[in-house]
Every structure is written in structure tokens, then in C-alpha cells.
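**Student:** Compute the structure for the input listed below.
(chains A and B)
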Amino acid sequence: MLKKRTALAALGLGLALSTSALAQETIKVGLILPYSGPFADAANQLEAGINLYVAKNGDTVAGKKIEFIRKDTGGPNPDVAKRLAQELVVRDGVDIIAGFALTPEALGAADVATEAKKLMVVMNAATSIVTEKSPYIVRTSVTIPQVNYVFGKWAFEKGGAKEAYTLVADYGPGLDAEKSFARGFTEAGGKIVGADKTPVANPDFSAFVQRVADAKPEAVYIFIPGGAQPAAMGKALADRGLTPPNVKLFGQGELTHPEALESMGDTANGIITTFHYTLERDDPLNKEYVDGYMAANNGRAPDLFSIGGYDGMHLIYEALKKTNGDANGDALVEAAKGMSWQSPRGPMSIDPETHDVVQTVYIREVKKVGDKLQNVIVDQIADVKDPNHGAQ
Amino acid sequence: VIGQVAIVLYDGFAFGMLLFVLSVGLSVTMGLMNFINLAHGAFGMLGGYVAVTLMRQLGVPFLLALPCAFLAAALLSIVLERTLFRRLYRAGELNQVLFTIGVVFVSAAVATYVFGTVQQVIPMPSWLRGSIEVLGLRLNVYRLFIIAVALAVTGLLVFGLERTRLGAQVRAAVDNQRVAQGLGLDVERIFAITFALGSGLAGLGGALAVEIVGLDPSFGFHYLVYVLIVVAVGGLGSVAGSFVGAALLGIGDVAGKYFMPEVGSFLIYLIMVAILFAKPLGLFGRR
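**Tutor:** Residues are numbered from 1 along each chain as shown, chains lettered A, B, ... in the order given. Below is the predicted model of the structure:
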């Protein structure tokens, strides 16, 4: 098996070398994303971010034309992602693989990147371990411990909570979030009084929220995937009177995305969330980005996936500029190390040691601005690294 | 403690009633024609999208959007029944399953094309938001509304089946199709009408479900499992069976998650297996 794989990778390398003479004027980027299935919306938003960057900056960089080849994983399928990565490298002869909305996709493709020595840009997949799986991986999105560990500390020190109950979705990201929030919160001196987990595909939260309500906690920390769940969660909380100021509600940014806020209504007022991207952040770069994005996507606002794709493309463009269009994986990774730039999300950089993203974490509170509910930034913590990569 | 149990029962019953409206049509049509229609949830999705679009784009009030969702799903089902589904009545079960699951895929792709992959938000009127206090319990108003709608639907169905001519024909056809046909009943026509009514109810259920569980193009797949459990547990062709099955499923699901959160989400499957061991035809199934 291993032999076969190496042979395959070698074949891919050979092909890539032989075609590179012919295809000097183009650089092929293979996108691996869940274009269909339950996470199709994430893929769409991420790709819209990529498209916006290319529309703004042209499809030529360092004298070479950028060409995309898209592959659909259909969801969190590591085997499919691996096969698609192999196909991209061996058959399509891509120079860079990118995308990866979900952690299993990134984990599946990591070996291929290592063996073929191709730059692999992770534009979303947010569990810590992703960047440790291959020296060719660079991440431009966020990690869950990155935003939640500092948030746990903040919740105790500035958020005024002494005891908290955690309620998270029962899958990798949810467990990561629970662990890192609890670690930050207890290290600062807080106490976790209860912890429950909801099934990932959960249509009805009433039972879990009732358990939380019975415990009468001072604060609740919530992590659930975006999409339909935040609105359902918000309503379940409101039904049981678990809304600020009766209780402090903490969560990661997905909980209060714009559609969820619209659906929750005024009961969302006062929910405090942690995130790396805030749609309404007052900044000219962000305003230009949001306006451009909404104009290109029928008025749909960008989200965390969009910004990951947008900054991922920025990294690819800037790295290619540095190498003068050389798409060699080692050269590109070298160029990406330590790169820092102003993104619509704020200042960000790539950690030279871990190849992971370093950025500002924003603490936001839902407030009424005009007649609309918004995530208003109430605090920010600069240059946050993922705490699981030996930092802090 | 009694208050907490009451709340759990209430929430579970309301969720069960939602599943009942979504699935009762499938139970009756499967009992009638032995036609395995896995695309039933797709009609629910259609109802949801119709309701959301009418309310958001045209400002139609919620109470009017619900019958529109029913009609839209019923009309489309008549068209599909006439053109596609009827060709498969005599085909094998595997063909039916493959074909109808294909329809679900197509419906998901069409919904993605027309509405995008984004989660749809349904703007609820203010009188259906929030909760009211009854005997010291906070009851969600919308869930109360769902229970009321489901009970009304049950009443109409039972009345229609027991007291009307069409109902008598449906019962006769479910009991013994060949004899009913031999006595001159137009079983195909009865089935077409029943199919439209069942799909319409799924559309109504879909519209009601948006507020509780959300709506996106994967709706047809997501609720297929729940709908099939209700049908299997309740027994084919039985309104009472669907009602009891859905209530058991809803209450079992919510109670399991409340009292044993670690295993709660598996509990409904255990209940299903236990019931089917004891009664392989479902609680009210006759054949």
C-alpha cells in the first residue's frame, strides 16, 4: 500500500515536472470543497470569497495565469478528499491544493500534499491538529482553541462570570471549543458547573436547554455549527427565559450570524460571542470587501468561510509574487512563513513555526443598531495564536 | 420535578405532532398502494419553501401561507403522480426506492438552484412568538399552535375516513385492493386523490417545521429517517398508528435527551427496534 502510494506520488511528481515546461504560463490551483451535501453552503460562501479576490486582483500573478480545478467531496469524507487530492496532483497536474471547509477533508488530503510536495492552503477547517499533519499546510482561517481559550479568560476577567455551564455540539469542533473555553475559564479562576453535549444533527434543542435551565447557571457557553441550529437554539433559550440579562450567554460567532439574529429577534440582545471576523467592523478595507461581496452575490453578506477563502487567495498570490511565479511547494511554503498583511478581518499573519494563522480575536455583543440587531465589538485581543501549538 | 417532566412531555408531544403531520400521508399511501415513496420529505421541503417565499416576497400572512403550502405540494404531487410515479406501481420495491430517492436528489439540486444553499428564515407573526404561563409552566406558543393544527388534521382525517364516501373507498382499498377493484372501485383514482392529500399534508408539515428545525435543500433527506420511523412504528395505512407512533417518537426523543443526554439520541432507535420485535407490522399495522 505504502509502496503503491509512493509510486503514485512519484508518478505525479514526474507528470508535474514534465508538464510544467509546457504549462509555464498557468498555475493550476485544485479546490477541494463540499460543494454538495449538508455543507454545500459553506463551500459556496468560501468559493465566493475566492472569486471576489480574483475579480479584484485579476487572474494573473507574477506573469502567470491562475486556473482553478474544482472537486466535490460531498461532506466530511477524508477518503474522498484524499482520492480527489491524488487525482488533482497526478491527473490534472495542479501546483497548489486549496479549499478544505471541513477538518476531515484537510486530514485526508494532508498526506498527498506531503508526498507530492505541494503547497496546501487550508481555508477553513478549524481544529488545531490540521497544520501539524503536513509541513506543506498553511492555514488562513481560524482555529477553534484560538478564539475560545482567550474568550474563556475574558468571560471570567471582564465578562463578570464566575460559574458557567457548557452546551456544545458532540463532534470534534464542539469538543475542542468546550475544552478550550473551559481551560481558559478555569485557569482564570472560574468554575464549570455542568456540561452537556447535543447530537450534531439535532433538530430539537428543547430537552438540552431544559437541563441547562434546571441548573440555573449564572452563565452558559454554547458552541453549535452554523446554519439552522443557532436560530433554533436561540428560540429554545428564549422559551425558557434563558436570555440576557437573566443569564450571561457566551458562544462562538456562528451563534449570532445575521440570519440567526433575524430569526431570533430581540431575545438575542446581549449575547456575547468570540470570533475572528465581524461583518460590521468599522474599517475601510472591510467596508470595501463587504460591499464588493454583496454586489457580487445578490446581497448575501460574507461570513467566516468567505473571509477564509479570500485571505487564502491573498496568501497564494503574495507567495507567488515572492517566488516570482515559481510554484514549487517548498519555495511557496518558505514564502508564506511569517507573511503578514491587513485583511478585511484586521491584521493577520502566518506563524513561521506552525504555519498557522495568528490574528486579532474580537469579543462582540449583540446590540440594536438602528432597528437591526448587530454584533458590536466590545473588546479585542491582538496577535492571538492557537494555544495548542505550544504558544502562551 | 413534576413541572420539568410536564415541560418535557409537552415539548416532545409538540415535536411528535410535527412529525405526524409530515408523515401521515406517507403511511396512508404506502398502506394503500404498497408504493414506497421516499420522496415524501421532498414535498415537505416544497411546502416550506412556498411558505417562506410567499411570506418574505409577497408579505402573505402566515395563516394564509400554510394552506398555500398544502395546495402547492398537493398540485405538484398530482403532476408527478400522473407523469412519473404511476409507472412504478407494479415495479419491484428496489426500483421504487431507487427512483424516489433519485427524486429527492433532484429536488435538493433544484432547491439549491432556485433558493441557494442558505438557511431560510421564516418571519413569524408576533402572536406566535414567545411563551405563555399555564399552571406555572412556560409553554411555547408556537408549539401549542402546532399541536392545535395536528389535532385538527387528525380530526379531519378520522372524520373523512370514517364518515365520507371517499373514506369508505380508501378503507376498502387498503383492506383488499383486488376485491375493491372487483367491486367496481376505481382504485387508481382513489390512490391519486389520497396521494395528493398526503403530499399536501407533507407540504403543510414542511411549512410548520421551518420555525422549529429550519429549512435548506437537504430537508428532504434529513427528515426521511424520522418519517420512516413513524410509518414503521405506527403501521402502514393507519392514521391512529401514525399519531401514536409520532407522539411516542417525539416524547421518547425529547425525554431521552433530557434524562439521559449521553445516550438520548439513540433511545428512539432502541424504542423502534423493541416495538418492531414485539409487533413486526407496527403498533396498528394489519398486514
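**Student:** Regarding stretch B:174-190, how distant is the last residue from the first?
**Tutor:** With Cα to Cα, to the nearest Å as the measure, stretch B:174-190 spans 10 Å from end to end.
**Student:** these two touch, right, B:Ile275 and B:Leu281?
**Tutor:** No - with contact defined as Cβ atoms under 8 Å, B:Ile275 and B:Leu281 do not form a contacting pair (10.4 Å). No exception for glycine: its C-beta is placed from N, CA and C like everyone else's.
**Student:** Among those two, which residue is more densely surrounded?
**Tutor:** B:Ile275 (19 against 14; other Cβ atoms under 10 Å in any protein chain shown).
**Student:** Could you check the pLDDT of that one?
**Tutor:** Per-residue pLDDT puts B:Ile275 at 90.
**Student:** list the contacts for it?
**Tutor:** B:Ile275 makes contacts with B:Val233, B:Gly282, B:Leu283, as judged by Cβ atoms under 8 Å, 6 or more residues apart in numbering or on different chains.
**Student:** Contacts only, for the second one.
**Tutor:** To tie it back to what came earlier, the one meant is B:Gly282. Contacts of B:Gly282 (Cβ under 8 Å, 6+ apart): B:Val231, B:Ala232, B:Val233, B:Gly234, B:Gly235, B:Leu236, B:Ser238, B:Gly241, B:Gly245, B:Ile275, B:Leu276.
**Student:** Which of the residues you listed are buried? Put it as a PyMOL command.
**Tutor:** PyMOL command restricting the contacts of B:Gly282 to the buried ones, with burial defined by 16 or more other Cβ atoms under 10 Å in any protein chain shown:
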select buried, chain B and resi 231+232+233+234+235+236+238+241+245+275
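**Student:** Which single one of the contacts of B:Gly282 is nearest to B:Gly206?
**Tutor:** When those are compared for distance to B:Gly206 (Cβ to Cβ), B:Val231 wins out at 16.6 Å.
**Student:** Skip the chain neighbours and tell me the closest residue to that closest one.
**Tutor:** Nearest residue to B:Val231, sequence neighbours excluded (Cβ to Cβ, 6 or more residues apart in numbering or on different chains): B:Ser27, at 4.7 Å.
**Student:** What of B:Leu224?
**Tutor:** Using Cβ to Cβ, 6+ apart, the closest residue to B:Leu224 is B:Gly41 (4.9 Å).
**Student:** and that neighbour, how many residues sit next to it?
**Tutor:** Residues near B:Gly41, counting by other Cβ under 10 Å: 28.
**Student:** so is residue 161 in a helix, a strand, or just coil?
**Tutor:** Defaulting to chain A. coil (DSSP: H, G, I helix; E, B strand; the rest coil).
**Student:** same question, the one 5 residues further on
**Tutor:** Counting by three-state DSSP, the backbone at A:Thr166 sits in strand.
**Student:** what sits opposite it in the beta ladder?
**Tutor:** Following DSSP bridges, A:Thr166 is listed with bridge partners A:Ala195, A:Tyr221.
**Student:** quick one on the thing from earlier: roughly how far apart are the residue nearest to B:Leu224 and B:Val103?
**Tutor:** For B:Gly41, the distance to B:Val103 equals 10 Å [Cβ to Cβ, to the nearest Å].
**Student:** now do A:Ala319
**Tutor:** Counting by Cβ to Cβ, the gap from A:Ala319 to B:Val103 is 46 Å.
**Student:** so who does whichever residue of the stretch 51-200 of chain A sits closest to chain B touch?
**Tutor:** Closest residue of the stretch 51-200 of chain A to chain B, Cβ to the nearest Cβ: A:Pro199 (4.2 Å). The neighbourhood of A:Pro199, defined by Cβ under 8 Å, 6+ apart, consists of A:Ala169, A:Asp170, B:Gly264, B:Ser265.
**Student:** a helix runs through A:Ala382, doesn't it?
**Tutor:** No - read with three-state DSSP, A:Ala382 is strand and lies in no helix.
**Student:** what about it, how many residues close to it?
**Tutor:** Around A:Ala382 there are 10 residues (other Cβ under 10 Å).
**Student:** and if you look at A:Asn388?
**Tutor:** Quick note: A:Asn388 (other Cβ under 10 Å) scores 22 neighbours.
**Student:** quick one: A:Lys321 and A:Val61 touch, right?
**Tutor:** Yes - if you go by Cβ under 8 Å, A:Lys321 and A:Val61 touch, sitting 6.3 Å apart.
**Student:** of the two, who's got more company?
**Tutor:** Neighbours were counted for A:Lys321 and for A:Val61 using other Cβ under 10 Å; A:Val61 has more, 19 against 12.
**Student:** OK, contacts around that one?
**Tutor:** A:Val61 touches A:Ile27, A:Tyr317, A:Leu320, A:Lys321, A:Gly325, counting by Cβ under 8 Å, 6+ apart.
**Student:** Can you report how many residues neighbour A:Val200?
**Tutor:** Count around A:Val200 with other Cβ under 10 Å applied: 17.
**Student:** element containing A:Thr186, please.
**Tutor:** According to DSSP states H and E, A:Thr186 maps onto helix A:172-188.
**Student:** follow-up on the earlier one: quickly find the element holding the residue nearest to B:Leu224.
**Tutor:** Short version, using DSSP H and E: B:Gly41 is in helix B:40-58.
**Student:** Locate the closest residue to chain B within the stretch 1-150 of chain A within the secondary structure: which element?
**Tutor:** Proximity of the stretch 1-150 of chain A to chain B (Cβ to the nearest Cβ) peaks at A:Asp41, 3.7 Å away. Element membership for A:Asp41, per DSSP H and E: helix A:40-57.
**Student:** For that helix, name the packing helices and strands.
**Tutor:** Packing contacts for helix A:40-57, counted by 3 or more Cβ pairs under 8 Å, 6 or more residues apart in numbering or on different chains; DSSP states H and E, involve strand A:26-33, strand A:64-72, helix A:284-296, helix A:304-322.
**Student:** at 10 Å instead, please
**Tutor:** With contacts defined as 3 or more Cβ pairs under 10 Å, 6 or more residues apart in numbering or on different chains; DSSP states H and E, the packing partners of helix A:40-57 are strand A:26-33, strand A:64-72, strand A:96-99, helix A:284-296, helix A:304-322, helix B:93-115.
**Student:** Okay, buried residues for the second one please.
**Tutor:** By neighbour count, with 16+ other Cβ under 10 Å as the criterion, the buried positions of strand A:64-72 are A:Lys64, A:Ile66, A:Glu67, A:Phe68, A:Ile69, A:Lys71, A:Asp72.
**Student:** quick one on the thing from earlier: so after the helix holding A:Asp41, what's the next helix or strand?
**Tutor:** strand A:60-61.
**Student:** ok, which residues in the stretch 151-287 of chain B are in contact with chain A?
**Tutor:** B:209-219, B:221-223, B:225-226, B:250, B:253-259, B:261-262, B:264-266 (Cβ under 10 Å from any Cβ of the partner chain).
**Student:** List the ones among those that fall in helices.
**Tutor:** Members of these lying in helices (criterion: DSSP state H): B:209-213, B:219, B:221-222, B:225-226, B:250, B:253-259, B:264-266.
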